[in-house]
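1. Sequence below, structure please.
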Amino acid sequence: MMKRFLVFGGIIGVLITASAFRKDLPATPGNGKMAGIKTVVIDPGHGGKYAGTTNGLISIEKDITLEVSLKLGDAIKNAFPDVKVVYTRTTDACSGDATNLRDDLHNRAKIANDAKGDLFISIHCNATPQPAGSYYMKRTIGHRKKTVMVGKGRRKRKKTIMEPIYESYLVKNTRAGTETYVWKAGKQDQKTGAISENGETSVDIEDSTAEASAFDIHSPEQVIRTQLYEKRFLTNSILLGNLVEEEFKNSGRISYGVKQRDVGIQVLQATGMPSILVEIGFLSNKEEEEYLNSNKGQDEVVTDILLAFSKYKQLMEGNRNNNKPAGK
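-> Alright, predicted model coming up:
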């Protein structure tokens, strides 16, 4: 049993301390003590002067993410009245009083950490670099002889070359589907720092008077503790991401699964809780953009995420009878 906590080999006293922290760990399926999901932070991607992708025909990302996020928050509150929902923004504005992108992202993470969130869900839209809807490309369909002048002065002469013949053709932007991102595991310092900042109120603890400031984050005990938190948060993030993508697939959507970006995602790395970023579809695809702008499409996206959240909550709290959406 104690081998699970061997972070610094040979330090017996530290290992004993680490085992004492086990009751404070975020829950995973099979963990004896399950943490309650009390606060969910919903992050509508972009906002204000940061529009997100504008590679759509009829919409921009920041507007759709806000509409879907507000609907998702309402759905969670209606289905689970005991769950508190916190938004990083509720209007077309940057988060907080941010005047630059760095501060905007910092504010979003700070809102989540200050709220002691148990879960962070960021809503975004995707797009390809190619034009939205349809666009023209060129292809070579043959060659023809062409005489050109080459050289200079007395050496100037005629030369026959084969000139390509091009044809323009219409291409439809067909890329569509969903994908969910989790924080990049290699960015450990940022996530560990966020976990230490958030403290332990994001999970159930027996001593409710304990404060994060009471711990020395550089002590061997706290290093072990935050590393253990980190592993659980990544596991739970991947779990929720997979549940979300499974619901999308069940609704007939194309799913690209759960991923990590090479450069990481700041709002996921700076939040001290399980965190996911959901790309709900491609605005560069005409049909999918229309779907995401429709009430039907938005309601289906919200329902899929709500069902995934419900399953995640059941797994975390270990009580399937008391954690179904209200009215179900």
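2. I'd like the distance from residue 126 to residue 71, if you could.
-> 19 Å (CB to CB, to the nearest Å). C-beta: built from backbone N, CA, C; applies to glycine.
3. swap in residue 178?
-> The gap separating residue 178 from residue 71 is 16 Å, by CB to CB.
4. go on, residue 42?
-> From residue 42 across to residue 71, the span is 10 Å (CB to CB).
5. And for residue 129?
-> Applying CB to CB, the value for residue 129 to residue 71 is 29 Å.
6. same deal with residue 144?
-> From residue 144 to residue 71 the distance is 58 Å (CB to CB).
7. likewise residue 123?
-> Counting by CB to CB, the gap from residue 123 to residue 71 is 10 Å.
8. ok, those two, which is more surrounded?
-> Higher neighbour count among residue 123 and residue 71: residue 123, with 27 against 20, using other CB atoms under 10 Å.
9. hang on, the more buried one in a strand?
-> Yes: judged by DSSP: H, G, I helix; E, B strand; the rest coil, residue 123 forms part of a strand.
10. That one: what's it in contact with?
-> If a contact means CB atoms under 8 Å, 6 or more residues apart in numbering, then residue 123 has 42, 43, 44, 45, 65, 68, 69, 72, 278, 280 as its contacts.
11. now stretch 104-111: mean pLDDT?
-> Averaged over stretch 104-111, pLDDT sits at 91.
12. tell me the SS of the residue most central in space within the chain?
-> Note on the chain: the residue nearest the mean C-alpha position is residue 277, at 1.0 Å, using CA atoms, centre = their mean. Secondary structure assignment for residue 277 (three-state DSSP): strand.
13. my guess is it meets residue 124, correct?
-> Yes: with contact defined as CB atoms under 8 Å, residue 277 counts as touching residue 124 (5.9 Å).
14. rewinding a little: quick one: contacts for the residue nearest to the centre of the chain?
-> 45, 122, 124, 180, 181, 182, 265, 267, 268.
15. Which of these fall within helices?
-> Counting by DSSP state H, the contacts of residue 277 place 267, 268 in helices.
16. just to revisit the earlier point, now do the shared contacts for residue 277 and residue 124.
-> In contact with both residue 277 and residue 124: residue 45, using CB under 8 Å, 6+ apart.
17. Do a quick rundown of the helices in the protein.
-> According to DSSP H, the chain carries its helices in the segments 12-20, 61-79, 101-114, 188-198, 220-250, 266-269, 286-293, 295-317.
18. Out of those, which is closest to residue 155?
-> Ranking the helices of the chain by proximity to residue 155 (CB to CB) places helix 286-293 first, at 55.1 Å.
19. Packing partners of the closest one?
-> Using 3 or more CB pairs under 8 Å, 6 or more residues apart in numbering; DSSP states H and E, the elements in contact with helix 286-293 are helix 61-79, strand 275-282, helix 295-317.
20. Just send these back as a markdown table, with mean pLDDT and distance to residue 156 too.
-> Listed next are those as a markdown table, based on pLDDT from 0 to 100; distance: least, CB to CB, whole Å:
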| stretch | mean pLDDT | distance to residue 156 |
| --- | --- | --- |
| helix 61-79 | 98 | 56 |
| strand 275-282 | 97 | 53 |
| helix 295-317 | 97 | 64 |
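21. Lovely, talk soon.
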